[in-house]
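Novice: A predicted structure for the sequence below; I have some questions about it.
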Amino acid sequence: MNVPARLRDLRWAGVQLSGVATVAMLVVAVAVNTALQPNFWGGYALTSNFATFVPLVAIAIGQTVVVLSGGLDLSLGAQVTLASVVAVQVVDGRLDRLPLAAAAALGVGMACGALNGLVVALLRLQPIVATFATSFVFSGLALVVLPTPGGSVPIEVTTAYRDSVLGVPVALLAIVGLALLWRVLRGHRVLRHVYAVGGDAEAAYASLVPVTRTRVWAYVLGGLFAALSALAVLANTGSGDPFVGNELTLASVAAVVLGGTALAGGRGGAGGSILGAMVLALVTNIVFFADVPTTYRQLVNGAVIILALALAGIPALQKRRPAA
Amino acid sequence: MSTALLEMTGVRKRYGGVQALDGASLTAVRGEVHALLGPNGSGKSTLDKTLAGTVVPDSGEIRIDGAVARIGGPRDAHALGVAAVYQQLSIVGDLTVTQNVVLGLEPARRWGFLDHRAARDRAGAALERFAAAFSGRLPLDRPAGSLGPGELQIVEVAKALARGPRILVLDEATASLHKEQVEVLFEVVGELRAAGVLVLFTSHRLDEVFALCDRATVLRNGRTAGTVELADTDEAELVGLMVGDVPHRAPRRAPATTGAPAPTEAFVGAGPEARPGAEAEAEAVPGAEARAGAEARPGAEAVPGARLEVRGLTTERLRDVGFTARAGEVLGLGGLQGQGQSELLLALFGAARVSAGEALLDGRPLPLTSPVRAARAGVALVPGDRGRQGMFATRPIQENLSLASMRRRARAGLALGAAAERSAARSMVERLRIKLGSLADPVSTLSGGNQQKVVIGKWLLDRPRVVLLDDPTKGVDVAAKEEIYAIVRGLADDGAVVILNSSDNRELAELSDRVLVLFEGAVVEELSGAAITEGRLVAGALRLAPGESL
Amino acid sequence: ADGGGSGDEAGGRPYTIGLSNGFVGSEWRTQMVEGLQAAFAEYQKEGVVDELVVESADTDVNGQIQQIRNLINRDVDAIIVNPNSETALDAVFREAIQQGIKVLAIDQAVTSKDVTNVVIDQAEWARISAEWLAKQVGQGGSILVVNGIAGHPANEMRWGAAKAVFDKAGVKVLTVADGNWDQATGQQVMTNLLATYPDVDGVWTQDGMAEGVFRAVQAAGRLDKIKISGEARVGFMRLWNAGRADGFESIGVVNPPGGAVSALHMAVNVLDGRKFAAGSISGNTVHVPIPYTVDQATFDQQWGKVSGESDAYSLDGSLTREQAAEFFQ
Amino acid sequence: MSAPTVEAPRRVLAWRPGPVALAGAIAVALVIAGELLSPGFAGYGQLVNLMRVAAFLGVIAIGQTIVIIAGGGGVDLSVGKVATFAAIIGSRVMAGDDAGIVPAVALALLVSAGIGLVNGLCVTLLRIPPFVMTLGMIGVVQGLILAYTGGQASGRAAPALTSLVNGRVVGDLPGLLFLWLLLGLLAVWLLRRTTFGWNLFAVGANRTAAELTGVRVNRTLIVAYVLSATFAGLGGILLLGYTESVFLDLADQYMLPSVAAVVIGGTLLAGGIGGYAGTAVGAIVLTVLQGLLTTLDIGGAGRTVVNGIVLLVLLSLYGRQRRLRS
Ligand SMILES: Nc1ncnc2c1ncn2[C@@H]1O[C@H](COP(=O)(O)OP(=O)(O)OP(=O)(O)O)[C@@H](O)[C@H]1O
Ligand SMILES: Nc1ncnc2c1ncn2[C@@H]1O[C@H](COP(=O)(O)OP(=O)(O)OP(=O)(O)O)[C@@H](O)[C@H]1O
Ligand SMILES: O[C@@H]1[C@H](O)[C@H](O)CO[C@H]1O
Ligand SMILES: [Mg+2]
Ligand SMILES: [Mg+2]
């Protein structure tokens, strides 16, 4: 631990810096969008943009918890899919069944998380590949639950999701709600332990932290947020589809990194990931509204994202010296 | 002192091919400070960890208060009243000091929601005793990772104390502490003893052991060699117990006189392959002149024939450091720890950002921009933190030894010959008397002292002209220490400049031809020859005027 | 739509049209986009339309929802969409409709009642090749099936229709495997199947995979024994052409990327305020006829026209403006 | 600490199957299970075929192994896309003509290496975590593919390339298998008998120590990413020989399986431990598993679930993480 203090201080400045970097990126993204898209602040554009953000925001928070614990969950997208098809089968278009359906989704998400926790924490499989394997299990089960697209969400839900309350989009309120939920969790012992385990599992273990249980919890919480993402997806899509969430996985990891959370674990938080998720979505919009020719759009999109990742990593740049 | 509070009997633990504990036992009573001693790798930490619950023994029995203790993990140990200060600290750098102190036992309100105020209070209370070490302001809300080694050690101690133990394990808890902090710790231990707590104390500093402990149990090769009353024992007897027979301290090195026979054949590169000029230069520098350096001001003019010249070296933590060193000289760095000694070594190795200054090696500018360039120029660094900076724990001993020098043996800079690498590594194993199973074993299977020899050995194969040693004997046992001293002397005798930072003033006094005393990143004093005594070093470190003493 | 832009007064020419395509990993889609752009340019010259806003990228349902919202925010008058999901875009379609935007789905039908599906009949498309294969292998014949992706609507619709044909004809389906509409996977899957099903008379497969299936059968040296339902793509037709000397026969039913062009014609009519004629629409689906089928009889003629194209080129076809107009009152 | 010790003889009783042996045993078990479940699965022709298909994954996974050994969260998610791009370039340049093979392969590998170089530079100099860097690179390469092809891939494999992959050289074995063997030996040599390999393991085991031992850490990492992309490109070219014609997502699906093959082969995702022999067997195991699942008539959903469960079992046999409590 003889890290020269100079390097140590930089490292801590780095955490703050990365928060600044993420906020700056969001501000720039919003400014550019405002310039390119004349009605960006109009009622529909605002509600629809936020409605677009929520699923990724929710899954990114889930991924953050797992990453903070020192893991990674490549099955979160499949969990979104599975939780959403189960919920849609339960709700079956009836508003009175909504609570039941939401409970079912949460239950499924947490059960998936528990399975991942079992596999990663108890069996000690390496998270990237283990959750890659469980993602097959979850997507297969989604096909069993809902073999072909179908089922419908009560119209009240999809309508409310696109509405606004006193000019504030409901979807924005949902994001605020997710942030508050994160905040509450931050005040809980389990999340403190998640940080400790992700920061240094051996030290945490020696310090009486129940490491295995904490790791399981991290995946369970990941599953919980995946289920919330599933509910947002359903409100956004209005019906069930057995492939709907799979692609959210990798985007969630990108959002976490854009938000300044270290993939090595132990450092960061969901606040950044929430912003990171929005930046990701806004980049797509920018490339579209900037009228980049279709052929080059994916190229530009990819390049901008790499640039953003580089910006998010600027703090790390400063601790280049080997003894860090 | 009626019945034993702690009885450990027949504890065995094997790691792969290493029998770390081979039926060790230990008995200690309430209100006792019991030393646990032994050479590196004798199993002290392992025995401590079986008690603290982080290691499961293969067999053996632990009784606490006469009852068999079933310790399935740290939480069980905690329930039995055991708390430990680990040699490898159990601090999470990303958490704050408060969070670390209460970690695992966070005070919570209902349903597990944290009570931040209670946590702060508890951490504050535990650290208060050591407030002086933090210049009075407790770093409760600072990330632990931003603290220095001594401060971290104190947090680790406070954390164990905050757990209110009946049995407190202190595994090399003083290794990175300053003298005053050690004194506070001793006071605390004294109070705990008075309160009936059993303290298990492990340290390689025997003066501490005699000052603090009542009895000592000595381990050797994983077995208990004996338990002694310290009041009836002397240092020689203890060392005898530890190593089986008493090694006599090699005579003090004659300061940089040439032609002195090398105590060991440590420097492989010596002989026909030694760099041209090395011998000649060493010859050209009489020992008298080395001592004459005492009068030279820090940063003084270059001395003709100097092998290494450093001028105006400035980094974030170094201010205008300058000195010269001749071939064959051992230059010590003294002062309180953390005054920039490690930074100076890192800077000379191109591993710290240098904002001003330069260095010349044999008259040619030494690049201070990257370790690669430093290494290619003939500089070697044995860093202070072996685990993090010096060693590839999971890689074979063979690779650890080859790495720094293999490019010299590779064909086309790429293809390695298995036999050539093996014989190079073997030669070093033999010269440094590294005790190992097989060259193919991970270096992590070696004892601390042997690991340290590997870290030094990899550079000897590279035939360095400047060797930077950062606390090379930290946590190394007496016998290995002597061997490392011999290596250092051998290096110097073969014409290398050795710059030695050590937290042990005795070591500095014994090995150095000259000592630069650093304070807040600047050289404030230079001692040489006979002036290098432990007393002068301590005085210099504390910036006492000459004549003043402690 | 709110804000400025040409979409303000729906019904007023020139129209702005949006295209949402959520998958570009297939040349078929490229052809679809390029065909649409060419047809659009014609209308543009005439001042009927002003701008074609293309959203085309590899994305998922959530991304496609974002695409469609972006198009809505661009104030388009109509959206032509090749949907990534049969159902999951329903809600965003409703948003579009509420803003007065017309939505037409191509290639695969969607369930939303607010959207007009302009598609070929996938069931019919599958039936044609299934009937050909059933005839080739005869009653009691055994076949293998290499499908697309289980659970995908087009896959289910196609396989449902084909299965009915085989059941009725008394053809035995030995096993059904998935080749992900991917030539390389199709080839690997088929090779594995050939090893474990030695007695096979035919293979039924869907587009994108026929070439892989052919190569697998060819590598096993069993082209003469195993009948393969093919596809109307140049790559496959090249193999087919080479195999004809040895008596190889197949069939390729055109699945036209030009469906987007047919949909554009219809979109213009719809924006002009015309209503579909009673007989031309069932529910909300307009079935565009399958342009043609390549078989032994028509092979030479078709091959002559396309042999210069690259392997990935799909044989195409679309309605003319006049033909499209006939779908309306 | 007495006399210098020589190497102790290796403990015979302490032997336990290494990852390579274990993965090999699993491959054999899967083949036997396949033969029992669907007779014909273990036929000579089918085994050759499985090996042929495994070769593509095996070659792509050479680079993946190197990058993962380099540690620090090292992983290359762009291998699939790079392989696709290389095949697309190769196909267009060789255009079905043997004369075009050399320039086609050279150009394809050069472009691949260039992509790897960018990955390496961004990972080292800009400190972008490899996982997201190479993920972002997928988008960029996809963009390059669209820009290069205009969305319509063209050309065809040269006959010589096709016969290398599909033809027979000795005992019905295609040249591809000999090439794979050669590349595999090269990879093993590179990792075990070169300064690059030892530096790579050192960087993976302890990056700080490597830097302080004078290892050119960044250069080693950059070379690792360049090699990863180059081997991916080579895998793409070989796959082109198999399919003869290209399409826009030809090799995309190799992304995560290449990582799985490495892990099943006993290389630690944390870096510093592992080797290519295990990966090669891992590639065979995964291919045999896919083949087996194909021949089982259990429906798409069932196949997917079984695939996941079997993968979990495979992973739990090896490549488990260290216990906290020893
Ligand atoms: N986790 C481990 N894996 C393998 N070997 C180990 C492990 N921990 C300790 N050992 C080995 O067990 C033996 C005893 O180690 P231990 O740490 O108990 O020694 P120690 O007496 O504390 O030495 P030191 O004075 O250097 O701290 C050594 O040979 C060491 O290399
Ligand atoms: N990086 C962060 N992101 C989000 N919330 C944070 C972050 N750091 C601290 N907080 C919240 O801010 C509040 C105060 O933080 P502070 O660090 O002082 O308390 P704590 O570390 O959680 O508790 P304690 O100091 O008692 O251990 C807490 O509620 C904490 O959850
Ligand atoms: O239906 C079409 C075709 O089957 C083509 O193969 C790919 O795009 C799909 O949507
Ligand atoms: Mg110890
Ligand atoms: Mg705090």
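Specialist: Ah, there it is. Residues are numbered from 1 along each chain as shown, chains lettered A, B, ... in the order given. Ligands and ions are numbered 1, 2, ... in the order given.
Novice: quickly find the element holding B:Thr27.
Specialist: Secondary structure from DSSP states H and E places B:Thr27 in strand B:18-28.
Novice: just checking: what are the partner strands of that strand?
Specialist: strand B:6-15 (antiparallel) (DSSP bridges).
Novice: give me every residue in the stretch 251-400 of chain B lying close to ligand 2.
Specialist: By Cβ under 6 Å from any ligand atom, no residue of the stretch 251-400 of chain B approaches ligand 2. (C-beta placed from N, C-alpha, C; glycine too.)
Novice: in the stretch 251-400 of chain B, what residue is nearest ligand 4?
Specialist: The stretch 251-400 of chain B approaches ligand 4 most closely through B:Gly387 (12.1 Å), counting by Cβ to the ion.
Novice: mind checking the SS state of that residue?
Specialist: Reducing the assignment at B:Gly387 to three states with DSSP: H, G, I helix; E, B strand; the rest coil gives helix.
Novice: verify the stated contact: it with B:Ala393.
Specialist: Yes: checked against Cβ atoms under 8 Å, the pair B:Gly387 and B:Ala393 is within contact range at 6.9 Å.
Novice: re earlier: could you pull up the residues touching the residue of the stretch 251-400 of chain B closest to ligand 4?
Specialist: B:Gln88, B:Ala393 (Cβ atoms under 8 Å, 6 or more residues apart in numbering or on different chains).
Novice: one step back: alpha carbons of the next helix-or-strand element following the strand holding B:Thr27, as PDB, please.
Specialist: Counting by DSSP H and E, the next helix or strand C-terminal to strand B:18-28 is strand B:33-37. Taking Å, rounded to 0.1, in the frame of the first residue of the first chain, the C-alpha atoms of strand B:33-37 are listed here in PDB:
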ATOM      1  CA  VAL B  33       0.800 -10.000  26.000                       C
ATOM      2  CA  HIS B  34       2.100 -13.000  24.200                       C
ATOM      3  CA  ALA B  35       4.600 -12.700  21.500                       C
ATOM      4  CA  LEU B  36       4.400 -15.000  18.500                       C
ATOM      5  CA  LEU B  37       7.800 -15.100  16.900                       C
END
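Novice: quick one: contacts of strand B:33-37?
Specialist: Against strand B:33-37 from outside (Cβ under 8 Å, 6+ apart): B:26, B:28, B:44, B:47-48, B:189, B:193, B:198-203, B:209, B:212-219, B:230, B:238, B:241-242.
Novice: which of those residues are close to ligand 1?
Specialist: Answer for the contacts of strand B:33-37 near ligand 1 (Cβ under 6 Å from any ligand atom): B:Lys44.
Novice: got phi/psi on residue 278?
Specialist: You didn't pick a chain, so chain A it is. A:Met278 has phi and psi values of phi -70, psi -40 when expressed as degrees, to the nearest 10.
Novice: oops, chain D please
Specialist: Per degrees, to the nearest 10, the backbone of D:Gly278 is at phi -60, psi -40.
Novice: distance of it from D:Pro257?
Specialist: 15 Å (Cβ to Cβ, to the nearest Å).
Novice: more crowded one of the two?
Specialist: Counted by other Cβ atoms under 10 Å in any protein chain shown, D:Gly278 and D:Pro257 do not tie: D:Gly278 has more neighbours, with 26 against 23.
Novice: not counting sequence-adjacent ones, nearest residue to the more buried one?
Specialist: D:Gly265 (2.7 Å; Cβ to Cβ, 6 or more residues apart in numbering or on different chains).
Novice: surely that neighbour touches D:Ile284?
Specialist: No: using Cβ under 8 Å, D:Gly265 is not in contact with D:Ile284, being 9.7 Å away.
Novice: overlap in contacts of those two?
Specialist: D:Ala23.
Novice: how about chain C: which residue is closest to ligand 1?
Specialist: Nearest residue of chain C to ligand 1 (Cβ to the nearest ligand atom) works out as C:Gln188 at 44.4 Å.
Novice: in contact with whatever residue of chain A ends up closest to ligand 3, which residues?
Specialist: Distance from ligand 3 to each residue of chain A (Cβ to the nearest ligand atom) is smallest for A:Phe243, at 13.6 Å. Contacts for A:Phe243 (Cβ under 8 Å, 6+ apart) come out as A:Thr81, A:Ser139, A:Ala142, C:Asp60, C:Val61, C:Ser85, C:Gly151, C:His152.
Novice: same question for A:Ile128.
Specialist: Contacts of A:Ile128 (Cβ under 8 Å, 6+ apart): A:Leu72, A:Leu74, D:Val75, D:Val259, D:Val263, D:Leu269.
Novice: out of these, which sit inside helices?
Specialist: D:Val259, D:Val263 (DSSP state H).
Novice: of the contacts of A:Ile128, closest to C:Leu194?
Specialist: Closest approach to C:Leu194 among these (Cβ to Cβ): D:Val259, at 29.7 Å.
Novice: does that closest one really touch D:Ile68, like I thought?
Specialist: Yes: between D:Val259 and D:Ile68 a contact is recorded at 7.4 Å, counting by Cβ under 8 Å.
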